[in-house]
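[1] what follows is a predicted structure for the sequence shown.
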Amino acid sequence: MPSPDLCIIGGAGHVGLPLALAFCSRGLTVGIVDRNEDALAAISRGEMPFMEIHGEEFLADALEKKQLIFTSDASIVKETPIVIVVVGTPIDEYLNPEIRLMEDCLKELVPFMHDGQLLVLRSTVYPGISEWTQKFFKKNNLGVEVAFCPERIAQGYALREVFQLPQIVSAFSDEGRKRASDLFKKLTDEIVEVEPMEAELAKLFTNSWRYLMFAAANQFYMIANDLGLDFSRIHHAITHDYDRASDLPRPGFAAGPCLFKDTMQLAAFNKNNFALGQAAMSINEGLVYYLISRLKAKHDLSTKKVGILGMAFKAESDDPRASLSYKLKKQLSFVCEEVLTTDHYVKTDDDLVPLEQVLEKCEIIIVGVPHKAYRDLELEGKIVVDVWNVFGKGTVV
Ligand SMILES: NC(=O)c1ccc[n+]([C@@H]2O[C@H](COP(=O)([O-])OP(=O)(O)OC[C@H]3O[C@@H](n4cnc5c(N)ncnc54)[C@H](O)[C@@H]3O)[C@@H](O)[C@H]2O)c1
């Protein structure tokens, strides 16, 4: 096997794997470096470990052309001129960024890095991590160019979007910026060059902005619903042929592994002074409590079985990470006779039951996530909570 053109640390993950496949499709050989040996084994057999549109075709092509190398051993970075790091950057249970995970990852790489390499941070990082990384290599007497080039794809759609979106590129020298730009020009024509701190904030502002938009929709929904009004009708009135408001999202659970944690990263960075972000968190997370309180006001939940349709964090996804359906399940389990959960795609939760069982046993049905598979269900006689208006019968709870 030849040396890889680049290595991706965290290459079996939701961002790393599509990125690896995208580079393979441009003729590069990629080393996928990941701790998750099960995922590495599955990918090397041609199985995508998660849903990704066109993932299987890209993977089959890369395997056939022998463009992928799989390993959990970081020493492979010795053999490559470019290392991309895209490991997870979560927050802890107290909403503080877990910076140490990134630091530990970089410490693991250091013994195998050498002068002249380009290290690209692709994870969404706490502001300042890029500079810390650059100083860290210098302290270790390594002439490594550090770049920060944030990923902006929507999960599941990476293999379309990574070729369409402008790539934000930042680095600490002209040489680093040029090398990172040349790398991402293999994927897309348009490069936006900024300074590292600008790029770090651009990514956090983008995700926080999206989270704020969802919060606005959710708060409008709750105001309308308290008046007994169907917000889906108001949403239509606002957005129909009216460009200035056409991007108002529909209400629903704003969840997943990025928006909440990146809004909280920004709040932590700004010394907990991010009133809009913190309000958005209360509203988006609070939608769960709001729906339960509305149900409680109308029904004796202690005698009711409740079913949740959809446990992934968003529609047409198999990823349950940070899904609000789980918060809903937990809160309901304190007040209902029984809570049953189902999902059309999620495979990693042993508590899920078939859809038919949920429909047969439960008097109350709550749409957790609007998978297309639920659109044509017959729910006559059920109490339905459908904030997303999947069934087209309105959103009033
Ligand atoms: N998921 C998205 O849609 C998305 C979009 C844009 C940006 N991001 C950002 O990208 C980063 C990665 O997110 P993700 O969703 O791909 O996470 P993920 O958990 O799916 O993938 C991370 C991978 O890194 C591996 N890993 C962790 N530490 C490692 C180490 N020290 N050495 C080798 N492998 C290691 C894990 O096994 C995992 O496979 C995060 O910073 C996230 O905020 C995610």
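    On my side now, so go ahead.

[2] just the element for residue 100, please.
    Under the criterion of DSSP states H and E, residue 100 resides in helix 99-109.

[3] distance from the chain centre to the helix or strand just after that helix, please.
    On the C-terminal side of helix 99-109, the closest following helix or strand by DSSP H and E is strand 118-121. Centroid displacement of strand 118-121 relative to its chain, using Cα atoms, centre = their mean, to the nearest Å, is 21 Å.

[4] can you list contacts of whichever helix or strand comes after strand 118-121?
    Counting by DSSP H and E, the next helix or strand C-terminal to strand 118-121 is helix 129-139. Applying Cβ atoms under 8 Å, 6 or more residues apart in numbering, the contact partners of helix 129-139 are 99, 102-103, 106, 110, 113, 119, 121, 143-144, 146-148, 170, 172, 196-197, 199-200. Backbone N, C-alpha and C define where each C-beta goes, glycine included.

[5] who's in contact with the helix holding residue 100?
    9-10, 74, 77, 83, 85, 87-90, 119, 123, 125-126, 129, 132-133, 136.

[6] next, the angle helix 129-139 makes with that helix.
    30 degrees (axes from the mean of the first three to the mean of the last three Cα atoms, to 10 degrees).

[7] ok, now which ones touch the residue in the chain positioned nearest to the ligand?
    When scored by Cβ to the nearest ligand atom, the chain has residue 13 as its residue closest to the ligand, at 2.0 Å. Residue 13 sits next to 34, 36, 86-88 when contact means Cβ under 8 Å, 6+ apart.

[8] so which bits of the chain are right by the ligand?
    9-10, 12-16, 33-36, 39, 86-89, 105, 108, 123-124, 151, 153, 155, 257-258 (Cβ under 6 Å from any ligand atom).

[9] what about 5 Å?
    For the chain, the contact set with the ligand under Cβ under 5 Å from any ligand atom comprises 9-10, 12-15, 34-36, 87-89, 105, 123-124, 151, 155.

[10] with only the CA atoms kept, save stretch 255-263 in CSV.
    Taking Å, rounded to 0.1, in the frame of the first residue of the first chain, the C-alpha atoms of stretch 255-263 are listed here in CSV:
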residue,chain,number,x,y,z
ALA,A,255,-31.5,19.0,18.8
GLY,A,256,-28.4,17.0,17.7
PRO,A,257,-24.7,16.9,18.4
CYS,A,258,-23.9,20.5,17.1
LEU,A,259,-26.3,23.4,17.6
PHE,A,260,-26.8,23.2,21.4
LYS,A,261,-23.2,22.5,22.2
ASP,A,262,-21.8,25.1,19.9
THR,A,263,-24.1,27.7,21.3
